[in-house]
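# just the structure for this:
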Amino acid sequence: MAQYAKKERSNVKKIVLSLIVENTSGVLSRVAGLFSRRGYNIDSLTVGVTENPKLSRMTVVARGDSGILEQIRKQLQKLEDVREITELAPEHSVCRELVLVRVCADGSNRKEVMALTDIFRAKIVDVAQDSVLIELTGNQAKIDAFIKLLADFRVLEFVRTGITGLSRGDGAEDFENTTHQGED
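Presented below is the predicted three-dimensional model:
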């Protein structure tokens, strides 16, 4: 039984989907509802308006086996508000995440915290008597490594934005062509 569970977990993959959706009220609720109704979990979800104010881009990160991920794609395509779905494969896209971390940094360890911040090319965006607020942007592995190294310090609080991304190269041309299709 344990061998079956291990085999089942090894088939789990992560997918990053970039959705172009109508910028109207309720779209986020309909997309999230699709996942919850079917029992799928969303690892990360970011949303923002595009250069066309009528459209928003959602970046959705989900995990599952091939069948579940294909089902997610098919169900998203059925939603009326979804104009385009692009899978952001790591080798053909740029994905980033932002983290803000407040770390206890008094006189005894402030220099160490600042050195770690410099190594990761992060920014200190706020300084208080006993803490610093650090901003770091990067891929998920970089963010994870930074947080892991901060375990040697007292992390007071942190927040991650979730992944957002775009296709590399000619993806912008494809986006332009898609956004004009079907518009009156």
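# contacts for the longest strand along the chain next, please.
Identified as the longest strand of the chain according to DSSP state E is strand 93-104. The set of residues external to strand 93-104 that reach it, using CB atoms under 8 Å, 6 or more residues apart in numbering, is 16, 44, 59, 88, 113, 125, 130-140, 143, 146-147, 150, 153-168, 171. Any C-beta I mention is one placed from the backbone N, CA and C, and that applies to glycine too.
# residues of that strand that come out buried?
93, 95-99, 101-104 (16 or more other CB atoms under 10 Å).
# low-scoring stretches of this protein, by residue?
Applying pLDDT under 70 to the chain flags the ranges 1-10, 170-184.
# which residue is nearest the middle of it?
In the chain, the centroid-proximal residue (CA atoms, centre = their mean) is Ile163; its distance is 1.4 Å.
# hang on, isn't it packed against Thr59?
Yes. Between Ile163 and Thr59 there is a contact at 5.8 Å, judged by CB atoms under 8 Å.
# tell me the contacts of Leu28?
Per CB under 8 Å, 6+ apart, neighbours of Leu28: 47, 58.
# 10 Å instead, please
Contact analysis of Leu28 by CB atoms under 10 Å, 6 or more residues apart in numbering lists 21, 45, 47, 56, 58, 81.
# could you do His92 as well?
86, 167-169, 171.
# give the bridge partners for Val16, please.
On DSSP bridges, the residues paired with Val16 through beta bridges are Val61.
# those helices in the chain, which residues are they?
2-10, 27-38, 66-78, 110-119, 140-149, 171-180 (DSSP state H).
# which one of the ones you listed lies nearest to Glu51?
helix 171-180 (9.0 Å; CB to CB).
# if we can go back for a sec, find residues that contact each of Ile163 and Thr59.
The contact sets of Ile163 and Thr59 overlap at 16, 44-46, 88, 95-97 (CB under 10 Å, 6+ apart).
# in JSON lines, list the residues you listed along with distance to Val27.
Converted to JSON lines, the shared contacts of Ile163 and Thr59 look like this (distance: CB to CB, whole Å):
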{"residue": "Val16", "distance to Val27": "19"}
{"residue": "Ser44", "distance to Val27": "17"}
{"residue": "Leu45", "distance to Val27": "12"}
{"residue": "Thr46", "distance to Val27": "14"}
{"residue": "Leu88", "distance to Val27": "19"}
{"residue": "Cys95", "distance to Val27": "22"}
{"residue": "Arg96", "distance to Val27": "23"}
{"residue": "Glu97", "distance to Val27": "22"}
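# farthest pair within those?
Top of the distance list for the shared contacts of Ile163 and Thr59 (CB to CB): Leu45 and Arg96, 14.9 Å.
# before we move on, back to that, can I get the buried residues of strand 93-104 in CSV with distance to Arg73?
Formatted as CSV, the buried residues of strand 93-104 follow (distance: CB to CB, whole Å):
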residue, distance to Arg73
Ser93, 16
Cys95, 18
Arg96, 23
Glu97, 22
Leu98, 27
Val99, 28
Val101, 34
Arg102, 38
Val103, 40
Cys104, 44
